[in-house]
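Participant: when you get a sec, could you give me coordinates for this:
(one chain, ligands or ions: 1)
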Amino acid sequence: MSENPAPESSTPTSSARLFVEAALGQDVVVTLPGPASHYLSGVMRLGVGDTVRLFDDRSGEWLARLVTVGRKAVGVVCEARLRERETVPDLWLCAAPLKRGRIDWLAEKACELGVARLVPVTTRRTVVDKLNLDRLRAHMIEAAEQCGRTALPELGEPVTLAMLLRDWPAGRTLVFADETGGISLVQAAKPGPAGILIGPEGGFTPDERTAIRAVPGAIGVSLGPRILRADTAAAVAVGVWQALAGDW
Ligand code: SAH
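Facilitator: Residues are numbered from 1 along each chain as shown. As a prediction, this is how the structure comes out:
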């Protein structure tokens, strides 16, 4: 087999890829603030005329060229749209907050695995009371930058389990990961809007279990014969759902 050299390109694209809050568009000029400018000029050593790929979670991914490089900010202009924003399966991950390292990991995996929305849900046995949403979002952004995503999961405001169940949308399947047993997720996964609900390390209380199962469209599912840690359960459930009913 012959190895083909990479095709010559008149505008080599650097491997730098960043999420920006600003809305991007053809010829739009964006000023990238401190950390982004440090990354581009200090870490990636890019200068005026070099290119970077940007995405904004709205309009896809853009090839942008550096037009100004300062110590505190870098200015870029969007030259061409490289990709449209990807479509994401309509899957929510509703999970009880976990201790710092574990919830950060969960946010990262939620982004990598392609959930549309991550909703922190407080339950009776949730032990974490303060949740840093900015930090969670930063972990999702970093995962999206690295994994070539053009969409981020929406990060929902934390809600109590009672609120989540009260406001559960009609027509959205509630895939309830029940550590005491249920039908296999392999049987339960079906196309259409869905939300996976994962409990805290201490699990759900019997009352909570009853309330969840009373929601129209709720299906109690088992993730196998072994009890998983909550973060593992979340990643596995999303992966299995994606394979059977999502876009794998
Ligand atoms: N402390 C509990 C386990 C909680 S595991 C106990 O000992 O029973 C944390 C969460 O992960 C659970 O609330 C559930 O949502 C999910 N989970 C873990 N293992 C599971 C399994 N085998 N089937 C379904 N859900 C599971």
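Participant: you'd agree residue 209 is up against residue 180?
Facilitator: Yes - applying CB atoms under 8 Å as the test, residue 209 and residue 180 come out as touching, 7.0 Å apart. C-betas here are computed from N, CA, C, even on glycine.
Participant: and those two? Which one has more around it.
Facilitator: Legend: neighbour count by other CB atoms under 10 Å for residue 209 and residue 180, higher for residue 209 (17 against 11).
Participant: how about the residue in the chain positioned nearest to the ligand, phi and psi?
Facilitator: Nearest residue of the chain to the ligand (CB to the nearest ligand atom) works out as residue 199 at 2.3 Å. Phi and psi for residue 199, reported as degrees, to the nearest 10, are phi -80, psi 180.
Participant: and if you look at residue 46?
Facilitator: As for residue 46, its main-chain torsions (degrees, to the nearest 10) stand at phi -90, psi 150.
Participant: OK, contacts around it?
Facilitator: If a contact means CB atoms under 8 Å, 6 or more residues apart in numbering, then residue 46 has 14, 16, 40, 52, 66, 69 as its contacts.
Participant: who wins for neighbours among those residues?
Facilitator: For the contacts of residue 46, the largest number of neighbours (other CB under 10 Å) sits with residue 52, at 24 neighbours.
Participant: residue contacts, that one?
Facilitator: 14, 16-18, 40, 44, 46, 64-66, 76.
Participant: switch to 10 Å and redo it
Facilitator: Going by CB atoms under 10 Å, 6 or more residues apart in numbering, residue 52 touches 13-18, 20, 32, 36, 39-40, 44, 46, 62-66, 74, 76.
Participant: the helix or strand containing residue 162: which residues count as buried?
Facilitator: For residue 162, the host element (DSSP states H and E) is helix 161-166. Neighbour-count burial for helix 161-166, counted by 16 or more other CB atoms under 10 Å, picks out 161, 164-165.
Participant: what does stretch 170-181 give?
Facilitator: Neighbour-count burial for stretch 170-181, counted by 16+ other CB under 10 Å, picks out 172-179.
Participant: thinking again about what came up before, burial of the residue nearest to the residue of the chain closest to the ligand when sequence neighbours are not counted, as a residue count?
Facilitator: Computed as CB to CB, 6 or more residues apart in numbering, the closest residue to residue 199 that is not its neighbour in sequence is residue 96, at 5.7 Å. The number of residues packed near residue 96 is 26, by other CB under 10 Å.
Participant: which residue ranges make up each domain of the chain?
Facilitator: Domain assignment for the chain by automatic domain parsing gives 8-83, 91-245.
Participant: show me what the least confident helix or strand in the chain by mean pLDDT is packed up against.
Facilitator: Within the chain, no helix or strand scores below helix 34-37, which has a mean of 90 by mean pLDDT, DSSP states H and E. Counting contacts by 3 or more CB pairs under 10 Å, 6 or more residues apart in numbering; DSSP states H and E, helix 34-37 packs against strand 17-19, strand 61-69, strand 74-83.
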